[in-house]
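> need a structure here:
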Amino acid sequence: MIASVGSRSSSRVPVLAKYDVLEELGHGGMATVYRARDTRLGRDVAIKVLHPHLRESTEIAHRFGVEAKAVAKLRHPNIVEVYDVSSADEGEQFLVVELVRGPTLRKLLQKHAALPPEIGAAIVMELLSGVAHAHAQGVIHRDVKPENVLVEHRLSGAPPSGEVTEKGDRVAVKLTDFGIAKLLDAQGVTSTGQVLGSPAHMAPEQIEGGDVDGRADVFGLGVLFYECVVGHLPFLGNNPAQVLRRVLDGVYGAAERERPVVGKRWSEILDRALARRPEDRYADAAAMRDAISVELGRLGMGAPRVEIEAWLDDPEGWTAAHDARLIERLCKLGAAERKRSDAVGAAADYNRALAYAPNDPQLLKVVASIQRSEERARLVRKVAPLVLGAAVLVPSAYFVVKAVKSEPVAGDPTKPIASNSVAAPRARTSVAERPTAARSATVTPPVTPTNVATRTVAAPSVFVPPKPVTRTVTFTTLRPAFGVRLAIDGKMLPDEVVPNGTVTVDEKAHSLAFSCRDDACTPRTLNVPAGENNVDLPIELAIPAAKLVVEGDPTHMFAIKEYPQLGTFPAGQEISVELLGGRAAHDVLVFDRNSNTTTNVTLKSGKKQTASFKK
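Residues are numbered from 1 along each chain as shown. Presented below is the predicted three-dimensional model:
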């Protein structure tokens with residue numbers, strides 16, 4: 001829970017066994033939050049003490065215990081961990097959770113307004129990882145909003161213990177208050193009498209009281225993502241009733257229109273997440289996370305926490321450097337798409353670049369050229385039916401004229417008879433050389449000189465070069481999902497490979513060499529044989545196992561939450577971890593089975609990481 005807001009005096013400070021309550025941090029519709037000291041383990045924690053009027057409800061009290069136990073199962077770097085829950089015989093009902101020393105996302109948005117789109121995407125991608133984990137455990141959040149997101153950012157410099165940290169280790173994005181909306185659902189109202197939930201963040205099926213599944217959280221994260229990158233909520237109104245009506249009607253402004261630098265690609269991802277019907281949204285949080293991951297990879301972004309950390313260290317400096325890099329990247333992507341005749345994709349990337357640099361003459365020229373090409377394409381589509389009709393009529397007219405010309409004219413022996421042969425084309429003459437109107441009705445046949453050798457001039461042959469043969473190579477599967485580079489015949493392509501991505505080659509044989517950014521996989525070369533048929537290639541690159549060594553009490557046993565199949569292992573033993581899902585990196589939670597303490601580690605393929613439990 002957040003620990004950076006100013007404390008407020010409270011008329012009633014609870015007395016709790018095992019915990020020394022130090023200060024009030026804030027309160028909401030369900031509970032008052034305090035910073036406290038765990039006297040047994042000697043650590044600071046956040047304690048949420050249920051409001052008295054909720055505590056008096058037998059149903060709420062029962063559901064509080066059930067939900068707390070369900071949420072306590074969640075162990076993930078992007079979820080605030082639950083440490084303890086009150087017992088039935090205690091005077092207060094409370095939840096003891098991890099103390100996150102950082103502001104809420106709401107505070108960040110109030111300070112920075114709209115975030116750089118890629119930072120908003122990185123934050124949402126982190127949250128989606130946590131939500132996907134919760135859904136796998138059967139837990140739905142139901143109230144995803146900036147107030148329930150905590151962002152911890154430790155300042156740069158050597159950590160207190162002196163150990164070496166990697167980029168991204170000083171930042172944590174965590175979702176809190178899992179299950180609270182479900183708890184309050186039994187009561188129906190908050191302590192202030194307001195209707196349950198946050199109208200602008202609620203999925204339509206929640207408003208209508210229908211069945212709710214993980215896609216409601218996808219919708220909530222879509223609302224959060226929209227607010228991060230646009231600067232305001234998608235569903236606006238003068239009162240809650242208007243907001244609810246707009247949510248139910250699915251009425252909101254497209255993100256790229258509200259803030260052009262967001263661009264078409266992010267806007268399309270948002271539109272799918274905010275779809276009115278659950279079946280039109282991403283199937284689950286993992287699918288939305290993967291879509292964001294692919295686009296971040298296409299734009300050449302680093303790992304989400306690395307980018308978030310760099311931005312929090314220096315928001316203005318990061319944004320200036322990022323915008324310059326992004327414009328260059330978008331122009332390269334647009335040029336590659338134009339080369340592939342993908343006018344829609346090229347326009348999307350060039351238009352976003354133009355939103356960042358609206359007065360750039362070269363960009364204006366390129367966008368104008370694309371617009372002209374589109375206008376010509378539209379004209380062709382309009383004229384095509386007329387051309388087709390003309391193509392049908394011309395042969396008929398030819399045969400009619402041919403029949404007329406084939407009839408010899410009586411009394412005119414000089415009239416030539418139409419020939420079936422094709423005449424050689426006439427040379428173009430100048431205006432002065434063109435024949436004038438006949439001065440006499442008498443036609444004098446041309447005189448052929450005698451004793452002069454003549455020759456027949458053949459009709460010139462026109463060489464039409466054969467149309468080049470092109471074919472498409474489609475990457476039907478891709479492992480790992482992003483960070484894969486491709487060189488064709490030794491020439492490295494500027495863009496990374498994406499799942500179901502394609503490249504265009506000619507009919508010759510080609511060598512395709514695949515590698516990974518940061519040497520995250522074993523390079524592999526595949527040969528495409530000569531031919532004219534399209535080719536489907538499954539790309540599965542070998543990903544070296546990550547290595548983990550725990551530093552801690554040699555008498556204790558340790559385990560990795562996300563890899564239970566590895567069992568437990570002692571400190572000092574090097575553990576080999578085959579990363580799940582074809583990943584090149586995986587944020588995991590390592591825990592001490594004896595003391596129940598935990599630490600977060602980012603495992604990377606082919607790299608050795610250390611998890612320290614030293615005090």
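
> helix or strand with the lowest mean pLDDT in this protein?
Comparing every helix and strand of the chain by mean pLDDT, DSSP states H and E singles out helix 180-185 as the least confident one, with a mean of 54.

> which non-adjacent residue is nearest residue 55?
residue 93 (5.1 Å; Cβ to Cβ, 6 or more residues apart in numbering). Every C-beta, even on glycine, is put in place using the N, C-alpha and C of the backbone.

> and the helix or strand hosting residue 268, how far out from the chain middle?
Using DSSP states H and E, residue 268 maps to helix 263-273. How far helix 263-273 lies from its chain's middle: 8 Å, per Cα atoms, centre = their mean, to the nearest Å.

> so residue 353 sits right up against residue 324, yeah?
No. With contact defined as Cβ atoms under 8 Å, residue 353 does not reach residue 324; the gap is 11.0 Å.

> more neighbours: those two, which one.
More crowded of residue 353 and residue 324, by other Cβ atoms under 10 Å: residue 353, with 26 against 12.

> does that one sit in a helix or strand, and which one?
Applying DSSP H and E as the criterion places residue 353 in helix 343-356.

> separation between residue 472 and residue 342?
According to Cβ to Cβ, to the nearest Å, residue 472 stands 12 Å off from residue 342.

> just to revisit the earlier point, please save the CA atoms from the following helix or strand past the helix holding residue 268 in CSV.
Sequence order places helix 285-298 as the next helix or strand after helix 263-273, per DSSP H and E. In CSV, the C-alpha atoms belonging to helix 285-298 read as follows (Å, rounded to 0.1, in the frame of the first residue of the first chain):
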residue,chain,number,x,y,z
ALA,A,285,-5.2,-10.1,-20.1
ALA,A,286,-2.3,-12.2,-21.6
ALA,A,287,-3.6,-11.5,-25.2
MET,A,288,-3.7,-7.8,-24.6
ARG,A,289,-0.3,-7.8,-23.0
ASP,A,290,1.1,-9.7,-26.0
ALA,A,291,-0.4,-7.1,-28.4
ILE,A,292,1.2,-4.3,-26.5
SER,A,293,4.5,-6.2,-26.3
VAL,A,294,4.6,-6.7,-30.1
GLU,A,295,4.0,-3.0,-30.8
LEU,A,296,6.6,-1.9,-28.2
GLY,A,297,9.1,-4.3,-29.9
ARG,A,298,8.2,-3.0,-33.3
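
> shaky segments in the stretch 401-550 of the chain?
401-468 (pLDDT under 70).

> go again with 50.
401-459, 461-462 (pLDDT under 50).

> again with the chain
For the chain, applying pLDDT under 50 flags the ranges 2-10, 158, 160-164, 184, 186-196, 387-388, 390-392, 394, 396-459, 461-462.

> tell me how it divides into domains.
19-97, 105-301, 314-384, 471-535, 546-612 (automatic domain parsing).

> end to end, how far does the last one reach?
For domain 546-612, the first-to-last residue distance is 17 Å (Cα to Cα, to the nearest Å).

> equivalent analysis for the second one, please.
Taking Cα to Cα, the first and last residues of domain 105-301 lie 21 Å apart.

> for it, the distance to its chain's centre please.
14 Å.

> cool, stretch 537-548 as well?
On Cα atoms, centre = their mean, the centre of stretch 537-548 falls 22 Å from that of its chain.

> cool, stretch 544-553 as well?
On Cα atoms, centre = their mean, the centre of stretch 544-553 falls 31 Å from that of its chain.

> also stretch 482-490?
21 Å.

> for it, how far is the first residue from the last?
21 Å.

> pull out the buried residues from it.
482, 483, 484, 485, 486 (16 or more other Cβ atoms under 10 Å).

> for residue 80, grab phi and psi.
phi -60, psi 120 (degrees, to the nearest 10).

> show me the contacts for the residue nearest the centre of the chain.
With distances taken as Cα atoms, centre = their mean, residue 292 lies nearest the centre of the chain, 1.8 Å away. Residues near residue 292 by Cβ atoms under 8 Å, 6 or more residues apart in numbering: 121, 124, 125, 128, 269.

> the least confident helix or strand of the chain: what's the following helix or strand?
Defined by DSSP H and E, the subsequent element after helix 180-185 is helix 204-207.

> tell me what that next one is packed against?
Contacts defined by 3 or more Cβ pairs under 8 Å, 6 or more residues apart in numbering; DSSP states H and E place helix 204-207 against helix 214-230, helix 240-249.

> switch to 7 Å and redo it
In terms of contacts (3 or more Cβ pairs under 7 Å, 6 or more residues apart in numbering; DSSP states H and E), helix 204-207 is packed against helix 240-249.

> what's in contact with the helix it packs on?
199, 200, 202, 204, 207, 235, 236, 237, 252 (Cβ atoms under 7 Å, 6 or more residues apart in numbering).

> buried stuff in it?
243, 244, 246, 247.

> what's the answer for stretch 296-316, then?
For stretch 296-316, burial by neighbour count (16+ other Cβ under 10 Å) applies to 296-312, 315.

> same thing with stretch 534-548?
535, 539, 541, 543, 544, 546, 547, 548.

> looking at those residues, which one is closest to residue 146?
Closest approach between the buried residues of stretch 534-548 and residue 146, by Cβ to Cβ: residue 546, at 33.1 Å.

> need the contact list for the nearest residue to the closest one once chain neighbours are set aside.
Distances taken as Cβ to Cβ, 6+ apart put residue 603 closest to residue 546, at 3.8 Å, once the chain neighbours are dropped. Residues in contact with residue 603 (Cβ under 7 Å, 6+ apart) are 546, 548, 577, 579, 585, 586, 588, 609.

> check contacts around the third one.
In other words, residue 577. Residue 577 is in contact with 545, 546, 548, 563, 566, 603, counting by Cβ under 7 Å, 6+ apart.

> which residue, other than its chain neighbours, is closest to it?
residue 546 (4.6 Å).

> so that neighbour makes contact with residue 601?
No. With contact defined as Cβ atoms under 7 Å, residue 546 does not count as touching residue 601 (9.4 Å).

> how much space separates residue 71 from residue 294?
31 Å.

> ok so, going back, filter the buried residues of stretch 482-490 down to the ones in strands?
Residues of the buried residues of stretch 482-490 located in strands (DSSP state E): 484, 485, 486.

> from what I see, residue 547 and residue 573 are in contact.
No. Counting by Cβ under 7 Å, residue 547 does not reach residue 573; the two are 10.7 Å apart.

> for residue 473, helix, strand, or coil?
strand (DSSP: H, G, I helix; E, B strand; the rest coil).

> please tell me I have it right and it contacts residue 535.
Yes. With contact defined as Cβ under 7 Å, residue 473 and residue 535 form a contacting pair (4.7 Å).

> anything in contact with each of those two?
What both residue 473 and residue 535 touch, as defined by Cβ under 7 Å, 6+ apart, is the set residue 528.

> which of residue 71 and residue 294 has more neighbours?
More crowded of residue 71 and residue 294, by other Cβ under 10 Å: residue 71, with 24 against 20.

> re earlier: from the contacts of residue 292, which is closest to residue 18?
Of those, the one sitting nearest to residue 18 (Cβ to Cβ) turns out to be residue 128, at 35.0 Å.

> name the element the closest one belongs to?
With DSSP H and E as the test, residue 128 turns up in helix 117-136.

> and that helix, what's buried?
Buried residues in helix 117-136, counting neighbours by 16+ other Cβ under 10 Å, are found at 117-135.
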